[in-house]
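Enquirer: Sequence and predicted structure are below.
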Amino acid sequence: MTGAPHTNEPAIDRPIFICGCHRTGTTLLQKSLSRHPSLDILPETKLLAWLYSPTNKVSRYEGDKLVGFLADRIGKINREWAKPDHEWRRDQLRESASSAPTRFANDRKIMRHVLAHATRQEPGVRVGEKTPLHIYHIPALLREFPDARIIITRRDLRAAYHSQSTRNTTGSLSYRPFGSVRFVASWLFAEHLAHRFVRQYKNSVRIVEYEGLVSEPDQTFKDLCAFVGIDYDDSLLDATVENSSFAGQSKGFTQDSIERWSTELPEQTIAELEQLASKAIQRAGYKLTQPATGGSLRTKLTRLALGAMCRVTAIMPRTVCYLWRDPRYARFGAYDPNRNVPSAPKRSPRIIVLGNHKSGTTAIGKLLAELGGLSSTIDFPRSRRREGYRLARGRLSINRVYARNEDLFSADLVKIPALTFAEPEIADFFAESKFVFVVRDPRDNIRSILNRRGISGRAKKLSYTKRLSQRLKGSPSFEASAWGGSSSGIVGALAQRWCRAVELYEQIQNRATLVRYEDFKADKQGVLTDLAETLGVERSGDVSGRLHHQFQPAGDNSASLVEFFGEANLAEIERICGPIMQRYGYKPVQRAAKDQA
């Protein structure tokens, strides 16, 4: 049986959907199946997670405008769609707007439209789509496509978490930053739903274990081909698939990833994961590294809360997905609460200075403005700092921030470090502005932040009063999960933030001028002169008497890095920042010490 088409949409013959928890092999499976000559599986769209709402708001939009909106924005939702290889898909989808219905009845009808118009238009080709979050929407998919085949991927929680924590962070919406508890919750929800749906829809839903896929791909694909109803083809074994945890590597079917977590994850993290999900790990067929224990009172309460949330998820999976989804969906999605604010600024600042906090952005921004006789905005006023926190967390879009603070952006030069974490959207929004990015050695940068806050470099966690203060302010500074990491320590969170800032800069580096703070300190006049020339700023002021002015309170740099941080915290910073910091000429202290020894 084939699902009934909506209005003039072509029928979709037995579509294939791939879903599951994040980091469980959905991308590997999607790319492998797409090599089959009779299959075309779309990269991740997140359509149902993106467009669903309990009140069905999607039905209020004009169909042609909504399809055009999707074609323009889908590359923001998933970086894979922005690649040149998929430009033809976006073009086909954009052209299909003219044949879209006046209104789509619901989000499932939009999925039907996308499957029909963004795939290969060839006879005999079966189509499908891969989105991990669609595991919450399986009943809805089967209502729309009764003959669909749904594949749920499964992977050892510890391996999946390791993949998440070591992935290459980017500004793409594809990867939400997870703390360990949040990731455990996502994995548990997916496991709970997988067991339920396999029982409920036994002829339509199949679980594929990642470990079996990479260790016995031949047998796994033969079983899958029989399940979806196609002939087996050797092209499925062409394992030149991008390993999406590590950018730039094409690992494909490698068994190294099965047990890598056991040697690379800290023992404390492994213990935490197992204490929170020991029963589910064992039920899925994986062994614990140590006997299951009850854990602390906090662990027990967290486990009870997770169990309750799993039961709620089973009752109303789509609503849980709607509440659980990344808040940045609102920034990109069709239900954008910012749709009534300007899509472009009335006037773009000539220059926007970006960089991590305490990296020298204030000194460079102020001196550059004085050198060129430019009006300037240096930081949010104290009364508006929460705007920056919400922007950094992804809870406000750059156009909303602009609309609420238009006066601040009327200056020639704007230096607000929080804008760094709005990249790459900020480059699109301020299309006429020139950007400067200031980078500083992460160890000195973090030391400066801690000195400013009166926190010891050897501290592991914030005191209760400082944690309370951070929560009341809404500041994400010391939350590793806000920056794409999982470290529970102070310096680990700040190291993740430094990495996040640099990685986001690299997405707009063709529009930005890089300034190393160390080069600026060594030759302030020379760097400012070169920077002004690069940016086209005419020198109309004399800053020679201001070059050594202290624009921010000076920190105590008398202690060496090892003395200030201690070996453990310094190692944590260099472990997290190492690959990136070396690209900018910052050498690890501890590795150099080992080499000398």
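Expert: Good, I have the coordinates.
Enquirer: Okay, now the unreliable bits of this protein?
Expert: 1-9, 167-179, 239-252, 326-342, 423-424, 464, 467-468, 470-488, 553-555, 590-597 (pLDDT under 70).
Enquirer: which residue ranges form the strands in it?
Expert: 16-20, 39-42, 126-130, 149-154, 205-209, 351-355, 376-378, 413-415, 434-439, 512-516 (DSSP state E).
Enquirer: do you know which of the ones you listed lies nearest Leu297?
Expert: Across those, Leu297 has its closest neighbour in strand 149-154 (30.7 Å, C-beta to C-beta). (C-beta placed from N, C-alpha, C; glycine too.)
Enquirer: Name the nearest residue to Asn356, sequence neighbours excluded.
Expert: Ala501 (4.3 Å; C-beta to C-beta, 6 or more residues apart in numbering).
Enquirer: wait, doesn't the one you found sit right on Gly355?
Expert: Yes: using C-beta atoms under 8 Å, Ala501 makes contact with Gly355 at a distance of 6.8 Å.
Enquirer: Would you check how far apart Pro266 and Pro588 are?
Expert: 19 Å (C-beta to C-beta, to the nearest Å).
Enquirer: Compare the two and say which is more crowded by neighbours.
Expert: Ranked by neighbour count (other C-beta atoms under 10 Å), Pro266 and Pro588 place Pro588 first, with 19 against 11.
Enquirer: Distance-wise, check the residue lying closest to that one once chain neighbours are set aside relative to Val184.
Expert: Of all residues not flanking Pro588 in the chain, Glu574 sits nearest, at 4.4 Å (C-beta to C-beta, 6+ apart). Applying C-beta to C-beta, the value for Glu574 to Val184 is 28 Å.
Enquirer: so who does the nearest residue to His137 once chain neighbours are set aside touch?
Expert: Sequence neighbours aside, Leu48 is the residue nearest to His137 in space, at 4.3 Å (criterion: C-beta to C-beta, 6+ apart). Going by C-beta atoms under 8 Å, 6 or more residues apart in numbering, Leu48 touches Asp107, Arg108, Met111, Thr131, Leu133, His134, Tyr136, His137, Ala140, Leu141, Arg318.
Enquirer: Buried residues of stretch 189-209, list them for me.
Expert: By neighbour count on 16 or more other C-beta atoms under 10 Å, the buried set for stretch 189-209 is 189-197, 204-209.
Enquirer: err, stretch 285-295, not the other one
Expert: Neighbour-count burial for stretch 285-295 flags Tyr286, Leu288, Gly295 (criterion: 16+ other C-beta under 10 Å).
Enquirer: Pretty sure the second one sits against Ala280.
Expert: Put plainly, it is Leu288. No: counting by C-beta under 8 Å, no contact exists between Leu288 and Ala280, whose distance comes to 11.2 Å.
Enquirer: which residues in the stretch 51-200 of the chain form helices?
Expert: Using DSSP state H, counting those that start in this stretch, the helices found in the stretch 51-200 of the chain span residues 63-77, 87-95, 107-117, 138-144, 157-166, 180-200.
Enquirer: I'd like those laid out as CSV, including distance to Gly365.
Expert: As requested, those are exported to CSV (distance: least, C-beta to C-beta, whole Å):
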stretch, distance to Gly365
helix 63-77, 29
helix 87-95, 38
helix 107-117, 44
helix 138-144, 50
helix 157-166, 34
helix 180-200, 35
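Enquirer: So which of these is nearest Glu259?
Expert: Smallest distance to Glu259 across the helices of the stretch 51-200 of the chain (C-beta to C-beta): 7.7 Å, for helix 157-166.
Enquirer: For the closest one, which helices and strands make contact with it?
Expert: For helix 157-166, the packing partners by 3 or more C-beta pairs under 8 Å, 6 or more residues apart in numbering; DSSP states H and E come out as helix 180-200, helix 256-264, helix 267-283.
Enquirer: now the angle between strand 16-20 and the longest one, please.
Expert: An angle of 140 degrees separates the directions of helix 180-200 and strand 16-20 when computed by axes from the mean of the first three to the mean of the last three C-alpha atoms, to 10 degrees.
Enquirer: From the chain's centroid, how far away is helix 180-200?
Expert: Relative to its parent chain, helix 180-200 has a centroid offset of 21 Å by C-alpha atoms, centre = their mean, to the nearest Å.
Enquirer: Please apply the same query to the shortest one.
Expert: For helix 256-264, the distance between its averaged C-alpha position and the chain's averaged C-alpha position is 23 Å (C-alpha atoms, centre = their mean).
Enquirer: quick one: contacts of that helix?
Expert: 156, 158-159, 161-163, 166, 210-211, 214-215, 243, 245, 251, 270, 289.
Enquirer: Apply 10 Å and report the result again.
Expert: Here helix 256-264 makes contact (C-beta atoms under 10 Å, 6 or more residues apart in numbering) with 25, 28, 155-163, 165-166, 210-211, 214-215, 243, 245-246, 251, 254, 269-270, 273, 289.
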